[in-house]
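Requesting a structural model of the entry that follows:
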Amino acid sequence: MKQFYIFLTVLFLFSSCKQKADKTVKAKEEPTPDFVVAFGSCNMSQEPNPFWDDILDENPNLWIWGGDIVYADTDDVERLRSIYAMQDTVAGYAELKKEVPIIGTWDDHDFGLNDGGSDFAIKAESQQVFLNFMGVPEDSERRNQEGVYASHEYEVSAGKVKVIVLDTRYFRSELIKDEDSEKRYKPTTDSTATVLGEVQWQWLENQLKDSDADFNLIMSSIQVLSGEHGFETWGNFPLEVQKLEHLIVESKAKGVIILSGDRHISEFSRADVADLAYPLVDFTSSGLTHSYSSFSGEPNQYRVGEVVSDKSYGVINLNFENKEAEFKIMGDNGVVLQELKQSY
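Below you'll find the model as predicted:
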């Protein structure tokens with residue numbers, strides 16, 4: 001009888017282990033995204049570039065430069081060209097270029113002037129150097145227009161993505177210094193002040209109104225929603241923020257998402273916009289090789305979660321069937337530093 005009880009005990013334990021094993025096998029897997037976008041900003045070729053292998057491991061359909069591709073800060077065109085060339089010698093980035101389409105915009109340091117705008121003396125020459133780096137053909141219309149803005153469409157079996165790349169430098173009006181506080185700049189209510197300039201605004205309106213994409217990503221080098229910190233932001237031009245939000249609503253474009261960089265921090269901002277069927281998300285990803293490691297806080301009424309002050313890059317996983325975007329702030333070796341999901 002004792003042997004019989006021992007046999008039952010062993011049988012029970014075996015059955016229990018098998019059930020646990022079965023549960024492990026049947027664990028629900030995360031659905032494979034239909035389209036993967038990776039992006040980032042604030043990059044120095046002379047610093048360690050730790051993320052290119054990780055970015056490739058994400059199997060992205062696209063890489064978007066969010067500005068400050070290099071730190072040139074120069075009005076010497078040859079020096080600007082040589083600094084861009086250094087980035088092309090980074091082995092990991094060269095591998096990415098072989099495998100993944102690359103698009104993007106510039107910000108102030110690759111534009112050539114810190115916090116620079118429309119009055120930068122060599123902006124036309126700088127534009128051509130930027131377009132050379134991005135591999136834009138010599139006969140492209142972008143070679144003849146003022147500003148580096150562009151749109152790109154990508155279609156997969158599940159749906160379509162449109163990426164609208166803005167130029168927040170070439171036409172941007174002068175910033176107003178804040179002499180009354182510790183902030184660098186203050187907002188202006190001048191109705192003639194602009195971020196995009198008249199021609200680019202009209203172009204953006206057409207791009208959104210004519211879009212049949214399931215998701216429309218707008219790449220702005222500077223933040224749109226976070227406007228209280230006193231550094232560069234669309235918030236220094238509040239009338240332009242209102243204009244952009246109004247345009248997004250009136251266009252009836254589906255799944256509009258804002259991407260931004262510049263700040264040397266990463267964060268999610270989300271705002272409810274009147275008459276917009278979904279919240280507007282501004283995903284800031286910065287920086288790739290250096291970050292605001294001593295960050296101690298700043299106001300942002302639209303922030304979701306916490307500020308990430310470690311070096312990072314951004315990933316957006318798009319799923320067309322359930323109209324969902326998964327935003328991830330990524331660290332080295334595929335570590336997820338923060339994430340956000342939004343339905344559209």
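
Not counting stretch 235-244 itself, show me its contacts.
Counting by C-beta atoms under 8 Å, 6 or more residues apart in numbering, stretch 235-244 makes contact with 173, 175-176, 185-189, 191, 193-196, 201, 223-224, 226-228, 234, all of which sit outside it. (Glycine included, C-beta is placed from N, CA and C.)

Among the residues you listed, name the ones in helices.
By the criterion of DSSP state H, membership of these in helices covers Trp201.

List buried residues within the contacts of stretch 235-244.
Listed as buried from the contacts of stretch 235-244 are 173, 175, 185, 187-188, 193-196, 201, 223-224, 226-227, 234; burial here means 16 or more other C-beta atoms under 10 Å.

So which of the contacts of stretch 235-244 are in strands?
Of those, the ones assigned to strands by DSSP state E are Ile176, Tyr185, Lys186.

now those in a markdown table, with distance to Arg81 and pLDDT?
Shown next, in a markdown table, are the ones in strands among the contacts of stretch 235-244 (distance: C-beta to C-beta, whole Å; pLDDT from 0 to 100):
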| residue | distance to Arg81 | pLDDT |
| --- | --- | --- |
| Ile176 | 33 | 98 |
| Tyr185 | 30 | 98 |
| Lys186 | 36 | 98 |
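
Please identify which of those residues is nearest to Asp167.
Using C-beta to C-beta, the shortest approach to Asp167 within the ones in strands among the contacts of stretch 235-244 belongs to Tyr185, at 19.4 Å.

and that closest one, bridged to which residues?
According to DSSP bridges, the partner residues bridging Tyr185 are Lys177.

what's it in contact with, if anything?
Contacts of Tyr185 were listed using C-beta under 8 Å, 6+ apart, and they are Leu175, Ile176, Lys177, Asp178, Gly230, Phe231, Glu232, Asn236.

Please produce a ChimeraX select command covering the buried subset of those.
Applied in ChimeraX, the following selects the buried portion of those according to 16+ other C-beta under 10 Å:
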select :175,230,231,232,236
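
Could I get the contacts of Tyr185 in JSON lines, plus columns for distance to Leu131?
JSON lines is the format used below for these (distance: C-beta to C-beta, whole Å):
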{"residue": "Leu175", "distance to Leu131": "26"}
{"residue": "Ile176", "distance to Leu131": "31"}
{"residue": "Lys177", "distance to Leu131": "32"}
{"residue": "Asp178", "distance to Leu131": "35"}
{"residue": "Gly230", "distance to Leu131": "32"}
{"residue": "Phe231", "distance to Leu131": "27"}
{"residue": "Glu232", "distance to Leu131": "23"}
{"residue": "Asn236", "distance to Leu131": "27"}
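
now what about the helix or strand that Phe327 is a member of, what contacts it?
When elements are defined using DSSP states H and E, Phe327 is found to belong to strand 324-330. Strand 324-330 is touched from outside by 33, 51, 54, 58, 215, 255, 257, 266-268, 281, 283, 285, 308, 312-319, 336-344, with contacts defined as C-beta under 8 Å, 6+ apart.

List the contacts of the most centrally placed residue in the chain.
Among the residues of the chain, the one closest to the centroid is Leu259, at 3.7 Å (C-alpha atoms, centre = their mean). Taking C-beta under 8 Å, 6+ apart as the criterion, Leu259 is in contact with 39, 64, 66, 217-220, 282-285, 314, 316.

From the residues you listed, which land in strands?
Where those overlap with strands, as defined by DSSP E, the overlap consists of Phe39, Ile64, Gly66, Leu217, Ile218, Met219, Asp282, Phe283, Thr284, Gly314, Ile316.

Find me the pLDDT at the last one, would you?
Among the per-residue scores, Ile316 holds a pLDDT of 99.

Kindly report the same for the third one.
Gly66 carries a pLDDT value of 98.

mind checking how far it is from Ile265?
13 Å (C-beta to C-beta, to the nearest Å).

quick one: common contacting residues for those two?
Both Gly66 and Ile265 are in contact with Ser286, where contact means C-beta under 8 Å, 6+ apart.

Those two: which is more packed in?
When Gly66 is set against Ile265 and neighbours are counted by other C-beta atoms under 10 Å, the residue ahead is Gly66, at 31 against 25.

Next, the buried residues of the helix or strand hosting Ile103.
Secondary-structure element containing Ile103, defined by DSSP H and E: strand 102-105. Within strand 102-105, the residues that qualify as buried by neighbour count (16+ other C-beta under 10 Å) are Ile103, Gly104, Thr105.

So for it, mean pLDDT?
Averaged across strand 102-105, the pLDDT comes to 98.

neighbouring contacts of the next helix or strand after it?
The element immediately downstream of strand 102-105 (helix or strand, assigned by DSSP H and E) is helix 108-111. In this structure, residues lying in contact with helix 108-111 by C-beta under 8 Å, 6+ apart are 67-73, 84, 114-116, 120, 123, 126, 130, 169, 232, 262.

What's the PyMOL syntax to select whichever of those are buried?
Only the buried entries of the contacts of helix 108-111 go into this PyMOL selection, using 16+ other C-beta under 10 Å:
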select buried, resi 67+68+69+70+71+72+73+84+115+116+120+123+126+130+169+232+262
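
hang on, Tyr84 packs against Ser126?
No: counting by C-beta atoms under 8 Å, no contact exists between Tyr84 and Ser126, whose distance comes to 10.3 Å.

could I get the buried residues of strand 102-105 as TSV with distance to Ala274?
Output for those, formatted as TSV (distance: C-beta to C-beta, whole Å):
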residue	distance to Ala274
Ile103	31
Gly104	31
Thr105	28
